[in-house]
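Novice: sequence first, then the predicted structure:
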Amino acid sequence: MILKAIVQMYTNDGQPVGSKALVSQLPINVSSATIRNEMATLEGMGLLKKTHSSSGRVPSILGYRYYVDHLLKPDKVQSSDLRRIRASFNQQFQEIGDIVAKSADMLSQLTSYTAFTVKPELKDAKLEGFRLVPLGGHRVMAILVTDNGDVQNRTFTVPRNVDPEAIEAVIRIINDELVGLTLAEVFQKLKTSIPIQIGKYIETPEGFLDVFEDVLKKSATERFYVGGRLNLLDFSKQHDPGSIRSLYQLMNHSSDLADVLGSPDQNIRVQIGNEITNNLLKNYSLITATYDVDQHGKGVIAILGPTSMPYSRMIGLVGAFRTELARRLIDYYHDIDDI
């Protein structure tokens, strides 16, 4: 009871909690002397600590862990927050990536922390179409569409000696041979039969296929979005430029973020301090959760904040947010299917 009250008071105002302040917060009538004795016991167990000898107590990392595992009850999301979430999704989006990117910004604004969102896994996505759009001056734009609504493009220059009719033939080959296959199957055919067929029309098909493969790889790897990078500075205990620079580099590397976020299960997961895999984040807490988009797979949302974050409110927000994000993506996929 005392630990729970201290965590809630400290995460609300950031001030060490003394025994006198606790007297009015507990649901039972006990003296401040009794509370002091119990606080000393909790400190001996490693659940509380003092910031200095004459101060009140604050939760330790172990104290936060016990609170989250045994004492926490997620707050009900405020109606004003729910309206903000739904309003942010109540607009037209051109691509699935736009929705997931918007959700990272919205989640960071709601929590005032750094937020991460990850698109649903693309391992079962299939190639739906490929087009080349002339831009003039021998420049063209390659556009690739997958059946989960993802669209990628890249602009490149066609050699002057390439016949436009040959390009049209190559597009037909790609659409006839590759559309309907999973991305893994497409990559396999790009290494085997496709170069031989395209070689009948273009002397050096490798350059053209490199562009096509680059667009495919971009579709398969652009899954991570970060919102509120600057929020890290509001609660970071890192003061030297080198550490801060390393933190921001972490935000920009998908492979590093994948290691940090891991593969959460259906439950909301809370990692505190050294429980986070990356040592740069030992002074932070990370809340992660999956969202389920039916047959289109599962994605991840997460927030990174101080260990003294108000866990009840944050877990409640993350739970509501993943529900609304999943609902919006399912609506998007239904609209795609109806076209």
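Specialist: Received, thanks.
Novice: going forward, measure contacts between C-alpha atoms and count neighbours the same way
Specialist: Fine.
Novice: give me the contacts around the helix or strand that contains Ser243.
Specialist: Under the criterion DSSP states H and E, the helix or strand holding Ser243 is helix 241-251. Applying CA atoms under 8 Å, 6 or more residues apart in numbering, the contact partners of helix 241-251 are 226, 229, 238, 256-257, 280.
Novice: list only buried entries from those.
Specialist: Buried members of those, counted by 16 or more other CA atoms under 10 Å: 226, 229, 257, 280.
Novice: next, work out how far apart the third one and Leu286 are.
Specialist: Which is Leu257. Noted for Leu257: a distance of 12 Å to Leu286, by CA to CA, to the nearest Å.
Novice: picking up where we left off before, what mean pLDDT does the helix holding Ser243 have?
Specialist: Mean per-residue pLDDT for helix 241-251: 82.
Novice: list the buried residues for that helix?
Specialist: Counting neighbours by 16+ other CA under 10 Å, helix 241-251 gives 244, 247, 250-251 as buried.
Novice: can you pick out the most distant pair from the residues you listed?
Specialist: By the measure CA to CA, these have their two most distant members at Ile244 and Met251, which lie 11.0 Å apart.
Novice: domain parsing for the chain?
Specialist: Here the domain parsing of the chain from automatic domain parsing is 2-71, 79-121+223-338, 127-221.
Novice: could you tell me the least trusted of the ones you listed?
Specialist: Of all the domains of the chain, domain 127-221 carries the lowest average pLDDT, namely a mean of 79.
Novice: list the contacts of Lys119.
Specialist: Residues counted as contacts of Lys119 (CA under 8 Å, 6+ apart) are 96-97, 100, 223-224, 298-300.
Novice: which residue ranges form the helices in this structure?
Specialist: Assigned by DSSP state H, the chain shows helices spanning 2-13, 19-23, 32-44, 61-66, 79-89, 96-111, 164-178, 183-191, 193-198, 205-221, 232-235, 241-251, 254-261, 311-338.
Novice: still on that earlier bit, any chance of the buried residues of helix 241-251 in TSV, with distance to Ala169 too?
Specialist: Converted to TSV, the buried residues of helix 241-251 look like this (distance: CA to CA, whole Å):
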residue	distance to Ala169
Ile244	52
Leu247	48
Leu250	43
Met251	42
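Novice: that older thread, between the buried ones among the contacts of helix 241-251, which is closest to Val7?
Specialist: Set against Val7, the nearest of the buried ones among the contacts of helix 241-251 by CA to CA is Leu280 (24.2 Å).
Novice: next up, the contacts around that closest one.
Specialist: For Leu280, the contact set (CA under 8 Å, 6+ apart) comprises 243, 246-247.
Novice: same list, those, but as TSV with distance to Ser308 please.
Specialist: Output for those, formatted as TSV (distance: CA to CA, whole Å):
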residue	distance to Ser308
Ser243	20
Ser246	22
Leu247	19
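Novice: for those, which one is nearest Gly129?
Specialist: Of all the contacts of Leu280, Gly129 sits closest to Leu247, with 38.4 Å by CA to CA.
Novice: contacting residues for Val211?
Specialist: 154, 156.
Novice: for it, give its distance to Asn153.
Specialist: 10 Å.
Novice: before we move on, what about Leu181?
Specialist: Leu181 is 19 Å from Asn153, by CA to CA.
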